[in-house]
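Student: Kindly generate the corresponding structure for this input.
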Amino acid sequence: MPRIQRFSIKKLSVGVCSICIGYAFLSGAVVRADVVTDTAESTAVVVSDLKQASEDSAPLLTKEEQPILGSEPVLEDVEETQQLQPQDSESTALPLTKDLEVTDKVSPENTAVEAPKEVSKSEEDASAPLSQTGFRAATTATTGSQTAIDVLTEEAATFPNSKVIAILSSDDQKRLNEIVVTNFETKANEVALRDVVKPVTSLTIDQITKYLTPTITKLRTEAKNRGEDITNTEVLKGIVAQANKQALAAANADLYKDEAFSNLAPEAKTLLTSFLDKGLLATNQQLTVSQLRADLGALYRGVLYLQQQFSFAADLPERLVFDPQMISGTAERDTAYDRLKAYGTVSLKDPQRVKRSMTLLQNINQFQDRKVAYYTGTANPADLVERLAQEKGKSAADYFEEQTQALVGSVSGTRIFDLLKANRPELILPLLSQGKGLYAATTSKTVSVGMLASYVDQFPELANFNKARGDKQPELPFFAQPLAYQENFVKFLESVKVKPISFTLAIDTMNRYNTSGKIGWSPSEGDNAEKAVINFFVPMNYYDSTYSNAKNLGGMSTSQTSMRIFENRLMAKEAAGLAVFTHELTHSNDEEGLFGGTYQKNGRRKGQGAELYARGLFEVIDNTQNQKASEFVPVFNLNTAIEIAKTPNRVQAALPQTSKEALENYSRNLMDLVAYLEVKEAEAALASLSAEDQAIYFNKVAQVNPQLRSGAVDTARVANKSTNDQFVPFGKLGQAEFKPATSVADLVDQAAVSGQFIPRGVTPFIRNLDTNQYDNVPLLESFYAANVAPSGMNTVGDISFKRNAYEILGWQGWDAFVDYLSNRYTSDQEVFSKILADDTEKSWADYKKAQYNRLSELEAVNHLWETDTLMADLKVAIQKDLAVIKNFKAQVEPSWTTATVTDSEVASRLGFPTQATNVRKVKLAILRAALDYNELVETVLVKDQIETAKGSGLAQDAKPELIWEIAKGSGLVQEEKPELVWEIAKGSGLVQDAKPELVWETAKGPGLVQDAKPELIWEIAKGSGLVQDAKPELIWETAKGSGLVQEEKPELVWEIAKGSGLVQESKPELL
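Tutor: The predicted structure is shown next:
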């Protein structure tokens, strides 16, 4: 069953998320975040809550009954301004900001694990000459659980703390090198983090959810199975105390886990081993064993840092350690050992956030803080890449694209490196070094980053994509077409902006696919996690740890410069990815970029929600009617991005309107055609339906006090003095009876819509259409109402608001459209006063009636359709739809009093959305004929010129010269239809076959001949052989059809023809 709306792009508010976190206790228990070890208070905090949960396990969050589409509930809409981020054990989520200030660096020595306090005999002798100490290679075996620090401690006899490493024997130095990389693959995390990450003493909200909640649930279940009374206060205290201890232990056990570090460890070990083999330790002549032990954490962090961020060139990590000054020709600073240690420096300004300062996302800060800039003489990562590219004799853009293992690309005329350098420099190093399994694609105002694994079902070749460093990028990556459409939308935004359009990061879905279909959301760690997630998305803090496929969200705008995609895919073959891209980019830019306000403060019309502007206005869709259950019926849509295939089922122009001028022009021609068809439907209905049937065929769209879907009063909308739409039958639910109509103006006055109009879901009746939902406006179901908020009120319901907006765009242009949508004016009254200032009509209702009247007098250009045929088809279709509407109303009206069944249930059972479509089919045929004719780049509606000439009294014998002017000015006279002039003349009664003498009058009037030689006209015609005595009327046809008739010198027709040699008896047709 086709649906009037599809709620694919749903938003998850932070408030809802918070409730869900609370509900994670399953039993309903609420535990505070300040639980600490072994405190009686922490036990008492939760006991009463646990007791309550035992007695009443009702969930904290219930889903409201959703009458719309049955299986697709929509969350109450909250404007999505905050993002949901993974959190580490010490901190809250890291927002998608470009950098995080990291200051107050201290040397690793200050935080290193203390050396053993017992002093060995070997240590006492450390100052003795080497020959006297008898140093030898250690033979102590290491275990898999030991770290390098542990082994150094064990072998203190061999390697006294105070001994200078540079003077060790080669064998001892070799052994020391082996100790430094002890169990590096499995213990690198612990060594790298032990000296900077503090033990957990209290649990964060995330840790409560992860550790404490399931532990309490498990212990309560065990106690209950043992027969204990889990409602008893003392029992509960014991459970909480035990759970708290276990949760803290588990949190500390996981403290040093870092999947990204673990993934880097094998290659980082190879790197560190090569450094040691090159004599790394000996480069610091004063380095002692004690200092080495203290520095191991920093050394590990340094080598992991180099592997993570500078492995895009094979020799670069080594250069950064041993000769970084050669990159820019600066003086050498510090020893290789000290440089590697500096690369492992971290901030201890906030020890609880130290792991955040180490994330890949912080690479811009780290470049300075870890002294890469200082040692290399480069300003930032982009500068470093440019220097490296220069060494290779390449541009930085070419070098970037060759060295990354990601599949990258950009729209024509731009390069991804240049755009990242200017807008998102924090992505340069991560994409260069950790790009495997990723794609990155840029428009002139966006960068999208995602997994190749998300597209394997549509592009199987991506499963084996493995770009070697140094190779060129493919010429046509899989995302080339979607990226071009994204750029179209960006171009449109740029063409209408009043403030700069923000450069936006789009993080694509973490869903994975194989050639058979969807696999699901990738975990963030473990063997089942995508490597791209572990190596890039998690350390960049781009991974959403709160999301699961069950939430069924399309995407979310997380800030003015970022968006996340969930169930959709940005670069998929279908247009759903483009829809979510344009939807979320609208959220980022409508307030400020389009309307001139301030992001998240003002810009939209007062009180209007974010979703009203995205879905149904600026979100771009392919509205082709392919009879799929998931597609929209024909709806109004601003197609500013996508090319539409020229299929028989399309309802949009083939090319998008990517500029203000193109959109205004197309919208004017489309709005005229839609309103013209509404006029014809009204004329057919009023001519063929009784007053009783008219009252059934038309419904009322009224304005009512606003409510939420739950039925509660929408206090925000009340405060903003706005109303909601109500779609109901005339004479029902407090609405006035229908007054028999005699004109379309009567329907405007009664705020009527056709009975087939479905504002949301499957039913034409909605008593209170709550606002800020994902609603489109039907294109081919008639909406005669001109709803405007009265004086003292702000604006009307969402469907009325959007329909008004489309009419304003079509008939008044873009600037008036923005006036209406934005907060430049405070109410409908104020904005319409501005919009109609130069028009005769001063109310929108009167203006709309005038447009209907204007359009009622027009006919199809070039006989695309015949008006009589259209009217006949509409009358038949109206009768068919009327029967469906009658049946639906007869079955649904009892429910309004008994409330035993919903309108939607009746509509679904009767198949109302698929049955009441006969009038739509007639209109759809007209729309497609218009699109096939000229894509609506010009109007398809013109005046009936013969009737106009006769009716106006202009076409009289006394004024024959006006025929030509009328025909010419109307646009009817075209090269392909020259015969129309003669038809106009004949039809007007100016000439007739019986009155050939009037030909002269006709010709003389427009100045084709001169009075001085009137007798020549017949001779000319006869002499040229162009006409016969029986066909004098062909003179005009000949002159006009040849194209020789010109306004400036029409009398020259014959002279031109004679002089040019065109006129010959053998070729009279050439004239």
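
Student: quick one: Tyr784 and Asp746 touch, right?
Tutor: No: judged on Cβ atoms under 8 Å, Tyr784 makes no contact with Asp746 at a distance of 9.0 Å. Where C-beta positions appear, they are placed from N, C-alpha and C, glycine not excepted.

Student: Looking at these two, which one has more neighbours?
Tutor: Using other Cβ atoms under 10 Å as the criterion, Tyr784 and Asp746 rank with Tyr784 on top: 28 against 18.

Student: Can you read off the pLDDT for that one?
Tutor: Model confidence at Tyr784, given as pLDDT, is 99.

Student: what's it sitting at in phi/psi?
Tutor: phi -80, psi -20 (degrees, to the nearest 10).

Student: cool, Asn189 as well?
Tutor: Here is the backbone geometry of Asn189 (degrees, to the nearest 10): phi -60, psi -50.

Student: which ones are touching it?
Tutor: Going by Cβ atoms under 8 Å, 6 or more residues apart in numbering, Asn189 touches 256-258, 261-262, 265.

Student: could you dump those to a markdown table with secondary structure?
Tutor: As requested, the contacts of Asn189 are exported to a markdown table (DSSP: H, G, I helix; E, B strand; the rest coil):
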| residue | secondary structure |
| --- | --- |
| Tyr256 | coil |
| Lys257 | coil |
| Asp258 | coil |
| Phe261 | helix |
| Ser262 | helix |
| Ala265 | helix |
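
Student: For the one helix or strand Val151 maps to, buried residues please.
Tutor: Element membership of Val151 [criterion: DSSP states H and E] is helix 148-154. Neighbour counts over helix 148-154 (16 or more other Cβ atoms under 10 Å) mark 148-153 as buried.

Student: Which positions in stretch 511-528 come out as buried?
Tutor: Across stretch 511-528, burial judged by 16+ other Cβ under 10 Å covers 511-513, 519, 521-525.

Student: quick one: which two of those residues are the most distant?
Tutor: Farthest apart among the buried residues of stretch 511-528 by Cβ to Cβ are Tyr513 and Glu525. That separation is 20.6 Å.

Student: contacting residues for the closest residue to Gln657 other than its chain neighbours?
Tutor: With sequence-adjacent residues excluded and distances taken as Cβ to Cβ, 6 or more residues apart in numbering, Gln657 is closest to Leu663, at 4.0 Å. Applying Cβ under 8 Å, 6+ apart to Leu663 gives the contacts 492, 638, 640, 657, 809, 814.

Student: got TSV for the contacts of Asn189, with neighbour count and distance to Leu931 too?
Tutor: Below are those laid out as TSV (neighbours: other Cβ atoms under 10 Å; distance: Cβ to Cβ, whole Å):
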residue	neighbour count	distance to Leu931
Tyr256	18	64
Lys257	13	59
Asp258	26	57
Phe261	23	58
Ser262	16	57
Ala265	24	60
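
Student: So for Phe537, what pLDDT did the model give?
Tutor: If you check Phe537, the pLDDT there is 97.

Student: I figured it was touching Tyr543, is that so?
Tutor: Yes: at 4.3 Å, Phe537 and Tyr543 qualify as touching, with contact defined as Cβ under 8 Å.
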